[in-house]
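Peer 1: have a look at this fold, sequence not included:
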Ligand SMILES: [Zn+2]
């Protein structure tokens, strides 16, 4: 199985400069061949393929005035050409299928706040040393004790926070808008440990104030990271407005602001990771309703908050973790009336309709009082069980 791990890296000055050179060269090569292919396309000279671009690039590096391209990691330049080729392929596919031409490959911009390049890892070479032992050396990307080894950079200091296992396929180095550096490593030949089965099932109702309410009554909070940082964000935004745009000072404030946003995003991502891992450990079958965008927008407005709940991400994480660990995720149709249905007798209370009340309601038929979220979670579980038994294709079977 393949898996991606993200690590923050702490390059020194020389490494930082080399990374910037790499971003620049990759951007240049990408844009240079984008123009070439565009011209060829417009003049009806056919398609310049990947191999031809690679040959041209080698020539280009030898030309006067382009020697600086040799300073970059060669494989990352080739990877950029591969990406360009894929972008063109999907563009041509669109033209062929739909007759329209959206998504013409775009130029990479120097001003884009995020810069990145990808280095494919070379397969390590094996040799037999004097003592007759088989040794490996020279994978261009490798994790070591104090950091990660990357082409042209040497060992960059990094915290390898998670168990990084498997064979490395590639590493993507990036610089965020806030000026932080990360490496995203793609591993293959990785086998997740199978988690023990607990025999438990749960329906999950997603919300804003409470991120998730489970059918057994468990509530998972939704820390309001954004709200907590809101004051700082507002302060920086005011400060930014006072600066001349494009000036060095405004750039500094912009970067500070980006850092705060990145911090909020990281906290949120961390929370979602922990919550979803916990759920997958604890339950064998998880049922969740694919929420409509409208509900998210409505609830967010209602709660007077920006929609930083991250439901889409929540479901995405659950889905791949269920797959890894041999658990099951049942996705229920987003139009299933989980909130309006009485979980005790099945009566659908249309009156509840669009009216928004967070509290309880009483079923007009069986007079059971329901907490809104808990009732919905119970219905989601029941619907999920029904779908599983019916063997419906609407759910994602991920076990075995
Ligand atoms: Zn009822």
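Peer 2: Cool, the structure landed. For clarity, every value in this text was computed on a predicted model and none was experimentally measured.
Peer 1: and the contacts of stretch 150-169?
Peer 2: 2-3, 5, 7-12, 15, 18-19, 22, 71-73, 75-76, 119-121, 139-144, 146-149, 171, 173, 183, 185-190 (C-beta atoms under 8 Å, 6 or more residues apart in numbering). Just so you know, the C-beta spots here come from the backbone N, C-alpha and C atoms, and that holds for glycine as well.
Peer 1: next one: the strand or helix carrying residue 230 to chain centre, how far?
Peer 2: Assigned by DSSP states H and E, residue 230 belongs to helix 225-242. Counting by C-alpha atoms, centre = their mean, to the nearest Å, helix 225-242 is centred 25 Å from the centre of its parent chain.
Peer 1: which other helices and strands does it contact?
Peer 2: helix 248-282 (3 or more C-beta pairs under 8 Å, 6 or more residues apart in numbering; DSSP states H and E).
Peer 1: for this structure, name the helix or strand with the lowest mean pLDDT.
Peer 2: Each helix and strand of the chain was given a mean pLDDT (mean pLDDT, DSSP states H and E); the minimum falls on helix 293-302 at a mean of 58.
Peer 1: what's the angle from the helix holding residue 230 to helix 248-282?
Peer 2: Angle of helix 225-242 versus helix 248-282, following axes from the mean of the first three to the mean of the last three C-alpha atoms, to 10 degrees, is 170 degrees.
Peer 1: and the helices in the protein?
Peer 2: 13-42, 50-62, 74-98, 225-242, 248-282, 293-302, 311-325, 372-389 (DSSP state H).
Peer 1: just the ones you listed: most buried one?
Peer 2: Highest mean neighbour count among the helices of the chain (mean count of other C-beta atoms under 10 Å): helix 372-389, with a mean of 21.
Peer 1: and it, does that touch the ion?
Peer 2: No. Counting by C-beta under 5 Å from the ion, the ion is not contacted by helix 372-389; separation bottoms out at 9.6 Å.
Peer 1: on contacts alone, who are the packing partners of that helix?
Peer 2: Against helix 372-389 (3+ C-beta pairs under 8 Å, 6+ apart) you get strand 201-206, strand 210-214, strand 285-289, strand 328-332.
Peer 1: what stretches of the stretch 1-150 of the chain score poorly on pLDDT?
Peer 2: 99-102, 134-138 (pLDDT under 70).
Peer 1: interface residues of the protein facing the ion?
Peer 2: Among all residues of the chain, those adjacent to the ion (criterion: C-beta under 5 Å from the ion) are 342, 344-345, 347, 363, 365-366.
Peer 1: residue of the stretch 151-300 of the chain closest to the ion, please.
Peer 2: residue 215 (16.4 Å; C-beta to the ion).
Peer 1: for that residue, give me phi and psi.
Peer 2: Main-chain torsions, residue 215, degrees, to the nearest 10: phi -60, psi -20.
Peer 1: which ones are touching it?
Peer 2: 202-204, 374, 377-378, 380-381.
Peer 1: now the residues you listed in TSV, with pLDDT?
Peer 2: Converted to TSV, these look like this (pLDDT from 0 to 100):
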residue	pLDDT
202	96
203	95
204	95
374	92
377	94
378	94
380	94
381	95
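Peer 1: one step back: so for the helix holding residue 230, what's the average pLDDT?
Peer 2: Here helix 225-242 scores 86 as its mean pLDDT.
Peer 1: can you pull out the residues in contact with that helix?
Peer 2: So helix 225-242 is contacted by 250, 253-254, 256-257, 260-261, 263-264, 267-268, 271, 305-306, 308 (C-beta under 8 Å, 6+ apart).
Peer 1: determine which two of those are furthest apart.
Peer 2: 250 and 271 (32.0 Å; C-beta to C-beta).
Peer 1: pretty sure residue 361 contacts residue 352?
Peer 2: Yes. Residue 361 lies in contact with residue 352 (C-beta atoms under 8 Å); the separation is 6.1 Å.
Peer 1: buried only: go through the contacts of stretch 150-169 for me.
Peer 2: 3, 5, 7, 9, 11, 15, 18-19, 22, 72-73, 75-76, 119-121, 140-143, 147-149, 171, 173, 183, 185-187 (16 or more other C-beta atoms under 10 Å).
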